[in-house]
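1. whatever this is, show me its structure:
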Amino acid sequence: MSRDRFISLYERLIDIQRGSNKVELKSDDLSKTLADLTAFSLNYLEGLEKAELESKVPNKEYFMFENTESGRTSRPVNKGLFISEFDTKNCEKIFNLDFEDLGEEELNRSLYTLAISYCAACDTLKIGDQKTPGTFFENFVGHLVARALNTNPAKHVTIPTLDEEIRIPTDFVFDLGEGNNRLHLPVKTSTRERVIQVWAHQRVLDGMHGVARFKGVLAALAETNKQNNTSVVEVCLPQQWITYQMYIAQMYRVYYLDIPEKYMDLKNKYPFIQVKPFSEMFSEIEKIKRSSND
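-> From the prediction side, this is the model:
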């Protein structure tokens, strides 16, 4: 694999994403670049060794990719979700939302495979800094959602005060037009202690525009943590999530590509945080645009 080619594709992705004052996330160029980048990553990973990891997560098995030349290893990869022989010809179809023939489980596995492929390749090549996989995943999710909504997002909100207007950076904010909800879409490869930002930004939007005027939807990759290149745990904070949902703001949905075990049950107890596979977002797009809080 050409390391320079890998870097140039990533740089192309960032250039397109920054194409104007609004984030050009729904562009055809970005779709093609994401498809090329994920296909390139999958082809590279085929040449690496796989090492089994001891899973301390119930009902899940994980492995890591290993670059034997450099000794670098990837983040944990969920064996049950990763498609080892993914047909790279389908990368472009996924980013064009051409997946009506896929069942929801197969779609989620496909999305997980594409998302984790770049992150794992980047881990073993150490491209850029630690923020690079996060930036990729932000564009990955943002592009798919922007295509589904046919709307480019903004990445800031302007907050009026008595003395001046304050402009603060946020995650993606979609204006879906008159008669529809707005969408606040935070995107994280993992949340950990930073997740309070998600609820804090939602609180700001609720304070400015009214509760539930913006639907808060968090999209995340996983909460896995690799220990000494031998085992995997999930680092979860369900009690903090419950507290934030009760006392700061209400998130409408949380979508994961690899749902943490400890978050799956949050929908069954107050305050009923709806945590679902990311693939379900596309079947719920109209509900997100038009519903109240069901």
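
2. which element follows whatever helix or strand residue 218 lives in toward the C-terminus?
-> Take DSSP states H and E as the rule and residue 218 turns out to sit in strand 214-220. Next along the chain after strand 214-220, taking DSSP H and E as the criterion, comes strand 224-227.

3. what comes into contact with that next one?
-> 53, 57, 62, 64, 73, 75-76, 78, 190, 232-235, 258 (Cβ atoms under 8 Å, 6 or more residues apart in numbering). For glycine as for every other residue, the C-beta is placed from the backbone atoms N, C-alpha and C.

4. shaky segments in the chain?
-> 1-3, 5-6, 13-23, 127-130, 162, 193, 291-294 (pLDDT under 70).

5. okay, buried residues for the longest strand anywhere in it please.
-> Under DSSP state E, the strand in the chain containing the largest number of residues is strand 165-175. Using 16 or more other Cβ atoms under 10 Å as the test for burial, strand 165-175 gives 170-174.

6. what's around the nearest residue to residue 211 once chain neighbours are set aside, how many residues?
-> Nearest residue to residue 211, sequence neighbours excluded (Cβ to Cβ, 6 or more residues apart in numbering): residue 250, at 7.3 Å. The burial count assigned to residue 250 is 19, neighbours taken as other Cβ atoms under 10 Å.

7. need the contact list for residue 250.
-> Contacts of residue 250 by Cβ under 8 Å, 6+ apart are 202, 211-212, 216, 271, 293.

8. please check those residues and keep the buried ones.
-> Neighbour counting by 16+ other Cβ under 10 Å classes 202, 212, 216 among the contacts of residue 250 as buried.

9. what distance do you get for the first one to residue 175?
-> It refers to residue 202. 16 Å (Cβ to Cβ, to the nearest Å).

10. dump the C-alpha coordinates for stretch 111-119 into CSV.
-> The C-alpha trace of stretch 111-119 is given here as CSV (Å, rounded to 0.1, in the frame of the first residue of the first chain):
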residue,chain,number,x,y,z
LEU,A,111,-21.2,0.5,7.8
TYR,A,112,-19.1,-0.7,10.7
THR,A,113,-16.7,-2.4,8.3
LEU,A,114,-16.2,0.8,6.3
ALA,A,115,-15.8,3.0,9.3
ILE,A,116,-13.4,0.8,11.2
SER,A,117,-11.3,0.0,8.1
TYR,A,118,-9.9,3.5,7.9
CYS,A,119,-9.4,3.8,11.6
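
11. got the buried residues for the longest helix along the chain?
-> Across the chain, the longest stretch assigned as helix under DSSP state H is helix 104-125. Neighbour counts over helix 104-125 (16+ other Cβ under 10 Å) mark 107-125 as buried.

12. if we can go back for a sec, strand 214-220 and the longest strand of the chain, what's the angle between them?
-> 80 degrees (axes from the mean of the first three to the mean of the last three Cα atoms, to 10 degrees).

13. partner strands of strand 165-175, parallel or antiparallel?
-> strand 154-160 (antiparallel), strand 182-185 (antiparallel) (DSSP bridges).

14. which stretches in this protein count as helices?
-> 3-17, 28-45, 91-95, 104-125, 132-149, 196-209, 238-247, 285-290.

15. need those helices in TSV with distance to residue 181, can you?
-> TSV is the format used below for the helices of the chain (distance: least, Cβ to Cβ, whole Å):
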stretch	distance to residue 181
helix 3-17	24
helix 28-45	24
helix 91-95	25
helix 104-125	23
helix 132-149	11
helix 196-209	10
helix 238-247	18
helix 285-290	6
